[in-house]
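Peer 1: Fold the following, please.
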Amino acid sequence: MPAPWQDTNRKVNRQKTVEEEPWRQHILANLVNNNYHAKSFESYEDAIERSSWSKKGLVTFNLGEGFRKFEQAQLELEQCGSTENSVDFGTLSIFSTKSSLKEHVSLSDITCVSICTQKLVPQLYVFTSKRSKVLRPIQIKFSSEADLGDWHSDLVTGMNCVRNIKSRPSARSVFSVSNHGEVFAFDPLAAAQAGDEEASIVGHFFSQEIDVSDHATPIIETLTNGFEPGSSLYLELRMPDHCDSFSVNLQLGKVGAHGSDISLHFNPRLSRNLVVLNSHEAGVWGAEDVQPLIVMHDDGSAVRAFTKNKLIQLAIKALDSKYEIFVDGAKFASFKYRIRPEYVTNFRVEGDVQMKKVIYSSKSLIIPPTDMYWRSLGAGHLLQVESGPKGVAWGLAYDGGVWCYTGGWGGGHFKNSSSNVHTMTDKKYFYIYENQRWNPLTGFSNHGLPTDRYMWSDKSGKYSATKESVKLPSTAWQWTGDWTIDYHTPGGVDKDGWQHATDFPASYHGEKTFTDYVRRRRWARRCQLTTSGPWKSVGSTKLIDVSIEPVVSEKSQVFVWAVATNGEALLRQGVTRDNPEGSAWTHVRSDALFQSVSMGTDNKVWFVSSQGGIFLRQGVSETSPSGHIWIQLQNPDKTTAFRAVSAGRSGVWCLDTGGKLWIRQGVQAGFPEGTSWLHVADGVKNISAGDREDLWAVLESYKGVGGVVARRRGISPGNPGGEDWEVCIGGGWKHISIRGWKK
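Peer 2: Below is the predicted model of the structure:
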């Protein structure tokens, strides 16, 4: 990075271009000299002897492009290193045996390998950054689960070695869970150390060079971390003879959207010998701050800024209360915030300028969501995982069992597992529905109308599901009984297990009325899993939800709130980093029963009742950890029933039973319950908010792909619900927790 950008007090020779600067000439001379001396060592062997090894196998694969079918192929994994436990680099190659199609992927480019076995067909998804952007992972099918496990273990081990990942995930890690129950962790600290990010590290800052060289304007680029105080944007540009004006805008909201709010509008106007600084909010421009085209130096001298046909160095820095703008290394102007820089999402350059370079710097790791490396933690099987910034992570199984992360890795089919791996068990039920329609001659029968749902189906009725068609997730699961009628179906049933309604689909009830012409009943079958993983059982109390406080405080104890399977609110005692499982449960009395819980960054604890209402627990503190008062909030309308809540710095977010995402508006310190609800988006499966100004979610479907992890983009005070979703990885995911991730 040019020295003027590092030292703003240095006076710069305006006649020299960057290429002619002494610091650059000095570096180039040293490089040439070093290369000359290095040639004398070309005949020497490596100090460490290296070897390579490979494995091959027959598979079928699909690159996910168009309507391409699975093809038979030769799969080859080649790795190189000093030992098999020290991989320096490796390549996964696929060669079709039926065509010329082939694919080569470096292990360092793979961002995730997940198990996605379907209907007992062993299958892996291989993700890269480029493939995640278009939601097209490489799909590989194996002939047996033993083969899949062997390849999965070798791939994950090789990927971790290439990235030099050996220790437990840091306390700031993000956890996610796939549909298969596999747990993954993205560790931002490990990513910074391994150089995963698109950025370099300069001092305590991360810098990313954005490729804009000779791109035509307007240029619009995303600022991955926003523009919080401490961030900066360095631009090199040239103004040709015909250019009289250009602008640089730090914008909010959706990238490329028309009429976006602008936190900083920087607009040199050479024909009028001035520069305009301004902001744009809610469709209205603010008062212009006009500056002359003069750069003043510390010695009292002054020069004209923005000379045509000369390389111009422009820098914008975000301070605590204002922007500072530098031109050619000298301070040019400042602009007090009208819109906080934390909400900036992108920058836009307009005008007839020739862009040469853009460097974006941030105090936090700069890594686009699709570049995040998701490390598999092993063979454990969970329904959801909750994490916190003190390194405590808990998981819940399908049967409500509670598990605490041990910091280990492996288990199951993984080789060379760590010592803190334990046996894990889980139970789950499969459900199918028997549907019937009333016939005046024969009564209820399995013969419906041509437009009716399948007579044996899933809950929605859109997909056929018979007793014979339901398969176990994998051979690790075993049936523990036969199909039985479920007499505990929500909504109630009659003595034979039927629910009645006027038509498909409709609201079902337990007893038949005169106008009911259809009925259904649910059948259930239980199966059980036995495996192993880096998780330790936490007592015998079964839970349906858990929340770990998302902030770091001076106290050693960590608040862990939960909802038991009987709907009671619970608080775990004695949880610390060294004792993550805690010691005992405390029951928090309430007249309501609950199904979801989330602790915010302000010690407020939010609950969703079993009836879909929202409750707030106030008064939580170190001296009164269970709080002292309940407040019930009103739902958006009588038809909306909530099922999940997540509270964080970005707001209080809720999901209703229809998959709609809502945010609570008007939440303030003096009025913590807020004022109203805002509908944000549809088709959301799971949400997570923490000590960050954003929201992460798993979407039911995105561009036809199910189970996609995404980040909500464009959240700001003027638009608290954000603009759109930024894809991270998918599909095949069901849960995400960013509760431990802090900028």
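Peer 1: From now on I want contacts and neighbour counts done on CA atoms only, so please keep to that.
Peer 2: Fine.
Peer 1: For the stretch 351-500 of the chain, which residues score under the pLDDT cut-off?
Peer 2: Counting by pLDDT under 70, the stretch 351-500 of the chain contains no low-confidence residues.
Peer 1: for the stretch 201-350 of the chain, same thing?
Peer 2: In the stretch 201-350 of the chain the weaker segments, taking pLDDT under 70 as the threshold, are 201-204, 298, 300.
Peer 1: before we move on, what about the stretch 501-650 of the chain?
Peer 2: Low-confidence segments of the stretch 501-650 of the chain, defined by pLDDT under 70: none present.
Peer 1: how about the strands in it?
Peer 2: Under the criterion DSSP state E, counting those that start in this stretch, strands of the stretch 501-650 of the chain are mapped to 518-533, 535-537, 543-548, 560-564, 569-573, 584-588, 594-599, 605-609, 614-618, 629-633, 642-648.
Peer 1: Now render these as a markdown table, adding mean neighbour count.
Peer 2: Below are the strands of the stretch 501-650 of the chain laid out as a markdown table (neighbours: other CA atoms under 10 Å):
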| stretch | mean neighbour count |
| --- | --- |
| strand 518-533 | 20 |
| strand 535-537 | 23 |
| strand 543-548 | 25 |
| strand 560-564 | 25 |
| strand 569-573 | 21 |
| strand 584-588 | 14 |
| strand 594-599 | 28 |
| strand 605-609 | 26 |
| strand 614-618 | 21 |
| strand 629-633 | 14 |
| strand 642-648 | 26 |
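Peer 1: Relative to residue 361, which of those is closest?
Peer 2: Proximity of the strands of the stretch 501-650 of the chain to residue 361 was assessed by CA to CA; the nearest stretch is strand 642-648, lying at 25.5 Å.
Peer 1: Given the closest one, what are its sheet partners and their directions?
Peer 2: Strands flanking strand 642-648 in the sheet, each with its direction: strand 651-656 (antiparallel) (DSSP bridges).
Peer 1: Distance from the partner strand to the middle of the chain?
Peer 2: Here the centre of strand 651-656 is set off from its chain's centre by 17 Å, with CA atoms, centre = their mean, to the nearest Å.
Peer 1: Okay, and the beta partners of residue 60?
Peer 2: Counting by DSSP bridges, the residues bridging with residue 60 are residue 72, residue 141.
Peer 1: Am I right that it is in contact with residue 94?
Peer 2: No: using CA atoms under 8 Å, residue 60 makes no contact with residue 94, being 9.5 Å away.
Peer 1: so what sits against both of the two?
Peer 2: Between them, residue 60 and residue 94 share the neighbouring residues residue 73, with contact defined by CA atoms under 8 Å, 6 or more residues apart in numbering.
Peer 1: Among those two, which residue is more densely surrounded?
Peer 2: Taking other CA atoms under 10 Å, residue 60 and residue 94 do not tie; residue 94 has more neighbours (24 against 20).
Peer 1: where's residue 367 relative to residue 63, distance?
Peer 2: Applying CA to CA, to the nearest Å, the value for residue 367 to residue 63 is 25 Å.
Peer 1: same deal with residue 279?
Peer 2: Separation of residue 279 from residue 63 (CA to CA): 46 Å.
Peer 1: between those two, which one's more packed in?
Peer 2: Applying other CA under 10 Å to residue 279 and residue 63 shows that residue 279 carries more neighbours, namely 23 against 20.
Peer 1: That one contacts residue 285, doesn't it?
Peer 2: Yes: counting by CA under 8 Å, residue 279 touches residue 285, with 6.0 Å between them.
Peer 1: Got the phi and psi for the residue of the chain most remote from its centre?
Peer 2: With distances taken as CA atoms, centre = their mean, the residue sitting farthest from the centre of the chain turns out to be residue 441, at 56.1 Å. With angles defined as degrees, to the nearest 10, residue 441 shows backbone torsions of phi -90, psi -40.
Peer 1: Would you state the strands of the stretch 201-350 of the chain in chain order?
Peer 2: So, for the stretch 201-350 of the chain - with DSSP E, counting those that start in this stretch - the strands run 205-210, 219-222, 232-238, 246-252, 262-269, 274-281, 284-285, 289-292, 294-296, 302-304, 311-318, 322-327, 330-336, 344-351.
Peer 1: partners of the first one in the sheet?
Peer 2: According to DSSP bridges, strand 205-210 has the following sheet partners: strand 199-202 (antiparallel), strand 354-362 (antiparallel).
Peer 1: Pull the longest one out as CSV, backbone CA atoms only.
Peer 2: Right, the one you point to is strand 354-362. Listed next in CSV are the C-alpha coordinates belonging to strand 354-362 (Å, rounded to 0.1, in the frame of the first residue of the first chain):
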residue,chain,number,x,y,z
GLN,A,354,-10.5,5.8,-15.2
MET,A,355,-10.3,3.6,-12.1
LYS,A,356,-6.9,2.0,-11.4
LYS,A,357,-7.1,0.5,-8.0
VAL,A,358,-9.5,0.2,-5.0
ILE,A,359,-8.3,-1.1,-1.5
TYR,A,360,-10.9,-1.7,1.1
SER,A,361,-9.8,-2.0,4.8
SER,A,362,-11.6,-3.2,7.9
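Peer 1: Report the angle between that strand and strand 311-318.
Peer 2: Using axes from the mean of the first three to the mean of the last three CA atoms, to 10 degrees, the interaxial angle of strand 354-362 with respect to strand 311-318 works out to 30 degrees.
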